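> I need the structure of the sequence given here:
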Amino acid sequence: MTLQLSADAVAPKAATPQKYLFGPVADFLMLGGSAFLILPVLFLVPLEYEGPVAATMVFVAYLVNYPHFAHSYQLFYRNFGRKVSGDGYDRSLQLRYIFAGIVVPLVMVGFFAYGAAAANTRLLGYATNAMFFFVGWHYVKQGYGMLMVDAVLKRKFFDDRDKKVLLVNSYAVWILAWLQTNTAVTQGKYYGLDYYTFAAPSWITDTALLAALASTVATLLMLVNRWRKNGGGLPYNGLVAYVASLYLWILIARINPLWLLIVPALHSLQYLAVVWRYQTNVERDSSDAESDPQPKVLSFLGPLYRFRLLGFIVGGTALGYLGFWLIPSALTALIPYDRQVLGSSLFFFIVLIFINVHHYFLDNVMWRRGNPEVSKYLFR
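The predicted structure is shown next:
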């Protein structure tokens, strides 16, 4: 989620903003606070229990990852014809929807089709490194976006200079983390296919480290100054999200193998907090939102808008299962390819990278200043 919002992106002044997405404790845990509670515990897991713990974490990660990715498609392609025609959207946003929704997937399909047909494992392997590049970028921008959301909800705003400091620090930490995985040409395995890192010169990594340290110090100083200007207040849940995204989920993600497994789930949970709040407001905007669902046996679910929200979540889970398992399984069974060269999991490899990279481009369009739907529904 690449939220690029400020005070001028909130709902009309007549609307009363919510102080929290769901509540102080829920926001803390969902936006990133759970990371600070879970990480220390992982170092206390006895060696003989690491296997079951890892299996549980993988299951949980998929449980929240499926709807996390699927929700972005549900929101992005909803009323897509109106978006690409510019009906209610300015020219810049219209072009972004066309690029992310049509051009990017076509280019990626062409890339993977050529790589698979040519059995070019090196070319396909570089896609894995590209995925790590975009995923890291996506994580830090989402952390920044969560801070901006919480700042609007709490009415503890950052000025343009503050935002530049936060963004520079986000990019500096992200680049450092990515370079740390590319300090030498190495080869690894991802879904049965080899992928390769680059030999980044040590001086570049050292420079990135200095830049990350300097930007972190500048961010701390800025936050102290902003705290004073705000009369001793900051959007603390947003800051937790920002710190967790940059430092715990990106910079030190490899500190513990178990931690590496749980980070995607925590990132997805952070995303779901905003999407579920957003969709709740969408459903409550309908004229019959407070009526009982039909048939009457479903009335225990509460008002109709809650029933529709549940349908959105269930639909996202089903769509995620379709995308991550059923589609690649069907492609594997129906499309012949050189399994000796490309392995038995080629389409799982392709689908996973496709969705991760495309997800970045989708969010970069949806959650930005000037999107009328975000302005209308996120801060109600």
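
> and the nearest residue to Asn256 once chain neighbours are set aside, how many neighbours?
Nearest residue to Asn256 in three dimensions, chain neighbours excluded: Leu42, at 5.2 Å (CB to CB, 6 or more residues apart in numbering). C-betas here are computed from N, CA, C, even on glycine. Leu42: 17 surrounding residues under other CB atoms under 10 Å.

> and Leu42, what is it in contact with?
The contact partners of Leu42, taken as CB atoms under 8 Å, 6 or more residues apart in numbering, are 256, 258-259, 262.

> how close does it get to Pro257?
According to CB to CB, to the nearest Å, Leu42 and Pro257 sit 9 Å apart.

> Can you tell me which of the contacts of Leu42 is nearest Leu334?
Ile262 (34.4 Å; CB to CB).

> ok, now which ones touch Tyr242?
Contact partners of Tyr242, counting by CB under 8 Å, 6+ apart, are 32, 143-144, 146-147, 166, 170.

> cool, and Phe111?
Residues in contact with Phe111 (CB under 8 Å, 6+ apart) are Ala127.

> for the record, mean pLDDT for the helix or strand hosting it?
According to DSSP states H and E, Phe111 maps onto helix 104-117. Averaged across helix 104-117, the pLDDT comes to 94.

> quick one, strands of the chain?
Assigned by DSSP state E, the chain shows strands spanning 187-190, 193-196.

> any chance you could map the helices in the stretch 51-200 of the chain?
80-85, 91-98, 104-117, 121-154, 160-180 (DSSP state H, counting those that start in this stretch).

> how much space between the residue lying closest to Leu272 once chain neighbours are set aside and Ala151?
Of all residues not flanking Leu272 in the chain, His68 sits nearest, at 5.9 Å (CB to CB, 6+ apart). Distance, His68 to Ala151, by CB to CB: 23 Å.

> same thing with Leu124?
41 Å.

> Determine which of the strands of the chain shows the lowest mean per-residue pLDDT.
strand 187-190 - the lowest mean pLDDT of those, at a mean of 56.

> right, and His71 touches Ala273 too?
No: under the criterion of CB atoms under 8 Å, His71 is not in contact with Ala273, lying 11.5 Å apart.

> Please work out how many residues are found near Leu124.
Applying other CB under 10 Å, we find 24 other residues in the vicinity of Leu124.

> for Pro235, same thing?
Using other CB under 10 Å: Pro235 sits among 24 other residues.

> In contact with it, which residues?
Contact analysis of Pro235 by CB under 8 Å, 6+ apart lists 147, 150-151, 153-154, 156.

> Turn those into a markdown table, columns for pLDDT.
As requested, these are exported to a markdown table (pLDDT from 0 to 100):
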| residue | pLDDT |
| --- | --- |
| Leu147 | 96 |
| Asp150 | 94 |
| Ala151 | 93 |
| Leu153 | 90 |
| Lys154 | 90 |
| Lys156 | 91 |
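
> Name the member of those with the most neighbours.
Most neighbours among the contacts of Pro235, by other CB under 10 Å: Leu147, with 27 neighbours.

> so who does that residue touch?
So Leu147 contacts 166, 235, 238-239, 241-242 (CB under 8 Å, 6+ apart).

> From these, which land in helices?
Among those, DSSP state H puts 166, 238-239, 241-242 in helices.

> Between all of those, which two are separated the most?
Taking CB to CB as the measure, the ones in helices among the contacts of Leu147 span a maximum distance of 11.8 Å, between Leu166 and Ala241.

> more crowded one of the two?
Using other CB under 10 Å as the criterion, Leu166 and Ala241 rank with Ala241 on top: 30 against 24.

> hmm, back to that, contact partners for the residue nearest to Leu272?
With contact set as CB under 8 Å, 6+ apart, His68 has these partners: 267-268, 271-272, 275, 320.

> Adding distance to Gln180, pLDDT and neighbour count, write the residues you listed out as a markdown table.
Output for the contacts of His68, formatted as a markdown table (distance: CB to CB, whole Å; pLDDT from 0 to 100; neighbours: other CB atoms under 10 Å):
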| residue | distance to Gln180 | pLDDT | neighbour count |
| --- | --- | --- | --- |
| His267 | 19 | 94 | 26 |
| Ser268 | 23 | 94 | 22 |
| Tyr271 | 25 | 95 | 27 |
| Leu272 | 29 | 96 | 18 |
| Val275 | 31 | 95 | 23 |
| Gly320 | 30 | 92 | 22 |
